[in-house]
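Asker: take a look and give me a structure for this.
(one chain, ligands or ions: 1)
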Amino acid sequence: MTKVAVVTGGTRGIGKAISKELKNDGYMVVAIFQNNEEAAQKFRNETGCETMKLDVADFDQCHGAIEEIESKFGEIGVLVNNAGITRDGVLHKMPKENWDDVIQTNLTSCFNMCRAVITKMRERKFGRIVNISSINGQKGQFGQVNYSAAKAGMIGFTKALALESAIKNVTVNVVCPGYIETDMTANISKDILDKIICQIPEMRMGKPEEIAAIVSFLASDKAAFVTGATLSANGGQYMV
Ligand code: NDP
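Answerer: The predicted structure is shown next:
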């Protein structure tokens, strides 16, 4: 089996937990980050994984990075599209750049990265692609028209690519986390967070490791018959 795994946004939060879990599973992990050199350095020291700095919203950078990874480390078997940002605000006040940034970083990035790996995965007749969407892409969220649209788009993207790829033994699945303890949610005020937690039947936020465990399963041989699936992990907050 191919043992190189690429995790975008793999040096912090959910992505960091995914990188660590895949490393434990025996993968040679390359974690992509954008700006936070300090976090990337800390991650490297802690895990011994490789890191690469690039903007997943940039088509050419993604293609260059995938070529470089394959030539340095070998065939990519697993791609996890996890990098994501929020730029919250109601639509009637949303600057166009907040729309563009969120769509490009969260959704266009999936096209950029998948387009760069898919041909070789098809040729080799093996691949595992896991996209990290969100509960807010499933149900919508006040103040997140941009984020909800991008995350819902990832679900449709996943299903279409799964259909195209199944015959080539490339599986494509999407995970929809609920509220998880990371830097992204650390910015939410305590008042709002308390209200959110009251809506979660388990009455707690999730941990990055709880998402990483799902990705580990989807990347494994055990999940060979799982493709086009949407897996929710939200403490019971939204059931579809
Ligand atoms: P964090 O904000 O903690 O980490 C985001 C990571 O993505 C960082 O490593 C960051 O790099 C990287 N990143 C952001 N933009 C780019 C870019 N343009 N190019 C390359 N890398 C980039 O996020 P979380 O761990 O909380 O979230 C991870 C994913 O899970 C996201 O897609 C998010 O939408 C989704 N999610 C999160 C939930 C939560 O409650 N936390 C809930 C549901 C979904 P750098 O370190 O350089 O900034």
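
Asker: how about the contacts made by the residue most central in space within the chain?
Answerer: In the chain, the centroid-proximal residue (Cα atoms, centre = their mean) is residue 82; its distance is 1.8 Å. The contact partners of residue 82, taken as Cβ atoms under 8 Å, 6 or more residues apart in numbering, are 7-10, 14-15, 18, 132. Heads up, the C-betas are built off the backbone N, CA and C, glycines and all.

Asker: among these, which one has the most neighbours?
Answerer: Using other Cβ atoms under 10 Å as the neighbour test, the contacts of residue 82 are led by residue 7, with 34 neighbours.

Asker: now the residue nearest to the centre of the chain: how far from residue 150?
Answerer: As judged by Cβ to Cβ, to the nearest Å, residue 82 and residue 150 stand 13 Å apart.

Asker: mind pulling up the pLDDT for residue 1?
Answerer: Note for residue 1: predicted pLDDT of 50.

Asker: out of the contacts of residue 82, which is nearest to the ligand?
Answerer: Ranked by distance to the ligand (Cβ to the nearest ligand atom), the contacts of residue 82 are led by residue 9 at 2.5 Å.

Asker: wait, the closest one touches residue 36, no?
Answerer: No: using Cβ atoms under 8 Å, residue 9 makes no contact with residue 36, being 10.1 Å away.

Asker: could you look up the SS state of the residue sitting furthest away from the middle of the chain?
Answerer: No residue in the chain sits farther from the centre than residue 92, which is 28.4 Å out by Cα atoms, centre = their mean. With DSSP: H, G, I helix; E, B strand; the rest coil as the basis, the three-state label of residue 92 is helix.

Asker: would residue 20 count as being in a helix?
Answerer: Yes: assessed with three-state DSSP, residue 20 lies in a helix.

Asker: give me the neighbour count for the spatially closest residue to it that is not a sequence neighbour.
Answerer: Nearest residue to residue 20, sequence neighbours excluded (Cβ to Cβ, 6 or more residues apart in numbering): residue 47, at 5.8 Å. Here the number of neighbours of residue 47 (other Cβ under 10 Å) works out to 18.

Asker: residue 47 and residue 41, how far apart?
Answerer: Distance, residue 47 to residue 41, by Cβ to Cβ: 11 Å.

Asker: quick one: mean pLDDT for the lengthiest helix in the chain?
Answerer: Determined from DSSP state H, the single longest helix within the chain is helix 145-165. Across helix 145-165, pLDDT averages out at 99.

Asker: contacts for it?
Answerer: Residues contacting helix 145-165 (Cβ under 8 Å, 6+ apart): 81, 84, 86-88, 90-91, 94, 98-99, 102-103, 105-107, 110-111, 114, 118, 121-122, 127, 129, 131-134, 136-138, 140-141, 171-174, 176, 227-228, 230.

Asker: so which of those residues also contact the ligand?
Answerer: Near the ligand, taking Cβ under 6 Å from any ligand atom as the test, the members of those found are 84, 105, 132, 134.

Asker: could you dump those residues into CSV with secondary structure added?
Answerer: Shown next, in CSV, are these (three-state DSSP):
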residue, secondary structure
84, coil
105, helix
132, strand
134, coil
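
Asker: please list only the buried members of those.
Answerer: Neighbour-count burial (16 or more other Cβ atoms under 10 Å) applied to these gives 84, 105, 132, 134.

Asker: close to the ligand: what parts of this structure are there?
Answerer: Counting by Cβ under 6 Å from any ligand atom, the chain sits next to the ligand at 8-9, 11-15, 32-36, 39, 55-57, 82-85, 105, 132, 134, 177, 179-180, 182-185.

Asker: would you mind writing the CA trace of stretch 167-179 as PDB?
Answerer: Written as PDB, here are the backbone C-alpha positions of stretch 167-179 (Å, rounded to 0.1, in the frame of the first residue of the first chain):
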ATOM      1  CA  ILE A 167     -14.100   2.200 -10.400                       C
ATOM      2  CA  LYS A 168     -10.500   3.100  -9.900                       C
ATOM      3  CA  ASN A 169     -10.400   2.100  -6.200                       C
ATOM      4  CA  VAL A 170     -10.200   5.700  -5.100                       C
ATOM      5  CA  THR A 171     -12.600   6.400  -2.200                       C
ATOM      6  CA  VAL A 172     -13.700  10.000  -1.400                       C
ATOM      7  CA  ASN A 173     -15.600  10.800   1.800                       C
ATOM      8  CA  VAL A 174     -16.500  13.800   3.900                       C
ATOM      9  CA  VAL A 175     -16.500  14.300   7.600                       C
ATOM     10  CA  CYS A 176     -18.700  16.900   9.200                       C
ATOM     11  CA  PRO A 177     -17.400  17.900  12.700                       C
ATOM     12  CA  GLY A 178     -19.600  19.700  15.100                       C
ATOM     13  CA  TYR A 179     -17.900  22.200  17.500                       C
END
